[in-house]
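A.B. asks: model the following, please.
(chains A and B)
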Amino acid sequence: MKISAKNFTAIALVGLAALGFIGINGCVEGKQLAEKNGMKLWSENCQRCHFSPSSNAFSNEEWKTVGMHMQSRALLTSNERDKIIEFLQN
Amino acid sequence: MNTRNVFRKSLMAASAFALCLATNSYAQEGSDKSDLSKQVSSLMPGESNFMMAGLVTFGFVNQSTSYTSGGFKATDKTNSLGDVDRYEFSPMFLWRHGDKLLAEFEPSWDGSAIGVNWADVSYFVSRGLIIRGGYIVLPFGTYTKRLAAGWINKLPSDPMGVDMAGSDFGVEFEGGFPLGNMKWSYDVSLSNGFALANDGTITGVGINAMNNGKTVTGRLALLPLSNSSLEIGASGLVGSLATPAAATFSNINSTDTKGPSLSMYAVDLNFLHNINPVQLNFKAQYSTAAVSNMNYINPADTTSYTFTNSTSSYFAQLSVRPTQSKNKVLKKLELAMRYVNYTAPKQSLWGQNYSEVDVSLDYWLSWRTVLKLGFENLKSDGTTSFTNSNGLDGNSTSINRLIIQFATEL
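C.D. replies: Have a look, this model is predicted:
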């Protein structure tokens, strides 16, 4: 597909608008979300797909690996991942 | 010998002995220390971590199939300990370097062939961006990437038609963000794409792309409730389809030089709700795939034909588990029900209207181990309107299956 200058400008504008939107709103965590601790986030997030694992299922180092893996499966926010993994590490 | 001499000698011997003891025991203590420090340092977290996980799904299948064709009816019954659609042994390897790099590889044996589900490496660039490359699961719909594992799926089989996109070689960009008290995520990939087969179905092209066109796939998801109990996703996939060297299909308009193209869309939903003492989970996905119209050759009589090449499929599933029940057995039981519908293009060689009703009673031995007792009723009616070698017209198939399945995550 050849992209004409006009289409390119349109795509670039949409892209910029999306980036701007993410920049302004994307990283703002509402109060309710920000106040949740690791245990709460663990109890709410994992069971949408599978039942929530118990903290003794893996070692601390393995939890870090699982944390990255599940961040990519569930598309958790980085804050959520950090809090959940800290809760699961013992 | 005088006593002084004896005394001096014994004192010297005693001191030598004491010195010897002291140095030896000191040396002993020294090596104890280094052993201990070795042990401690071996337990200290290193930069890298290798972890092996994976899954095993195994079971018994009792199946009764009835075919009706041209007024004839035949029935076939089988009992099998495991079958190719429901047996899976897939070790999964995860390598992590620090907190930036994660490689994942999942080979899989289905009892007859070894395949690979995914083999890729992810780089965690920033808080909202993960870049992945390799053989990836395409971000189309939610089932293949997030729900297909035997220990996650609450029913013994995968719903028909959800694997329309599958895995491909490419690069992927993804991330999740807060949006006030809501959350949203994006997942976009660029991959080698698919080729069109002579019957109008699509197949993966693999590691060596056959044409210059690439396939773009993406999914946007919103979690509108602050407790993350509802997720709604919308996906799209567009790309040009490669034309294999042995292709017998051609453009409808013979002067047209453009090859075939593919566009797919999907919406998915996942909702979890607790009404004490039960937990309800509703999952659904609708997907559709359309290939641009082409002229095909009927292998039976070499006549040419065309059809509207669009396929659609959906499933809706509800499961109930009394997670808060005081009864120890009851709280581990879950009842799952699912309806599946799949429509393959009318007048194609594989045209059919297919539907499936599934019920399963699951016993959860742990969060990752389940024993399922499932019943499935499948119905398929062929919709090819002309005679050909494997015409499905007027053919209908009905299958009843009873399945006992064990699934665990390693």
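
A.B. asks: residue A:86 contacts residue A:38, doesn't it?
C.D. replies: Yes - between residue A:86 and residue A:38 there is a contact under C-beta atoms under 8 Å: 5.3 Å. Heads up, the C-betas are built off the backbone N, CA and C, glycines and all.

A.B. asks: looking at the two, which has the bigger crowd around it?
C.D. replies: Shown here are residue A:86 and residue A:38; by other C-beta atoms under 10 Å in any protein chain shown, residue A:38 has more neighbours (17 against 14).

A.B. asks: can you pull the contacts of that one?
C.D. replies: Residue A:38 makes contact with A:83, A:84, A:85, A:86, A:87, A:88, according to C-beta atoms under 8 Å, 6 or more residues apart in numbering or on different chains.

A.B. asks: what about the nearest residue to it once chain neighbours are set aside, which helix or strand?
C.D. replies: Using C-beta to C-beta, 6 or more residues apart in numbering or on different chains and skipping residues adjacent in sequence, the residue nearest residue A:38 is residue A:87, 2.8 Å away. Assigned by DSSP states H and E, residue A:87 belongs to helix A:78-88.

A.B. asks: buried ones in that helix?
C.D. replies: Neighbour-count burial for helix A:78-88, counted by 16 or more other C-beta atoms under 10 Å in any protein chain shown, picks out A:78, A:79, A:80, A:81, A:82, A:83, A:84, A:85, A:87, A:88.

A.B. asks: now those residues as a markdown table including distance to residue B:279 and pLDDT?
C.D. replies: What follows is the buried residues of helix A:78-88, written out as a markdown table (distance: C-beta to C-beta, whole Å; pLDDT from 0 to 100):
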| residue | distance to residue B:279 | pLDDT |
| --- | --- | --- |
| A:78 | 28 | 94 |
| A:79 | 26 | 94 |
| A:80 | 21 | 95 |
| A:81 | 24 | 96 |
| A:82 | 27 | 96 |
| A:83 | 23 | 97 |
| A:84 | 20 | 97 |
| A:85 | 24 | 97 |
| A:87 | 21 | 97 |
| A:88 | 21 | 96 |
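
A.B. asks: can you list these in CSV and add distance to residue B:215?
C.D. replies: As requested, the buried residues of helix A:78-88 are exported to CSV (distance: C-beta to C-beta, whole Å):
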residue, distance to residue B:215
A:78, 29
A:79, 33
A:80, 31
A:81, 29
A:82, 34
A:83, 36
A:84, 33
A:85, 34
A:87, 39
A:88, 37
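
A.B. asks: wait, which of the residues you listed is closest to chain B?
C.D. replies: Nearest to chain B, judged by C-beta to the nearest C-beta, of these is residue A:78 at 3.9 Å.

A.B. asks: and the helices in the stretch 1-150 of chain B?
C.D. replies: Per DSSP state H, counting those that start in this stretch, the stretch 1-150 of chain B has helices spanning B:3-43. These are given in chain order.

A.B. asks: would you tell me which residues of it are close to chain A?
C.D. replies: Neighbours of chain A within the stretch 1-150 of chain B, by C-beta under 8 Å from any C-beta of the partner chain: B:45, B:49, B:51, B:94, B:96, B:99, B:102, B:104, B:122, B:124, B:127-128, B:130, B:132, B:145-147, B:149.

A.B. asks: filter those to the buried ones?
C.D. replies: The neighbour count (16+ other C-beta under 10 Å) marks B:49, B:51, B:94, B:96, B:102, B:104, B:122, B:124, B:127-128, B:130, B:132, B:145-147, B:149 as buried among the residues of the stretch 1-150 of chain B next to chain A.

A.B. asks: keep only those of those that are in strands.
C.D. replies: In strands, defined here by DSSP state E, the members of these are B:49, B:51, B:94, B:96, B:102, B:104, B:122, B:124, B:130, B:132.

A.B. asks: bridge partners for the second one, pull those for me.
C.D. replies: Residues in a beta bridge with residue B:51, per DSSP bridges, are residue B:94.

A.B. asks: and if you look at the fifth one?
C.D. replies: Residue B:102 has these beta-bridge partners by DSSP bridges: residue B:96, residue B:122.

A.B. asks: that one touches residue A:68, doesn't it?
C.D. replies: Yes - counting by C-beta under 8 Å, residue A:68 is a contact partner of residue B:102 at 4.8 Å.
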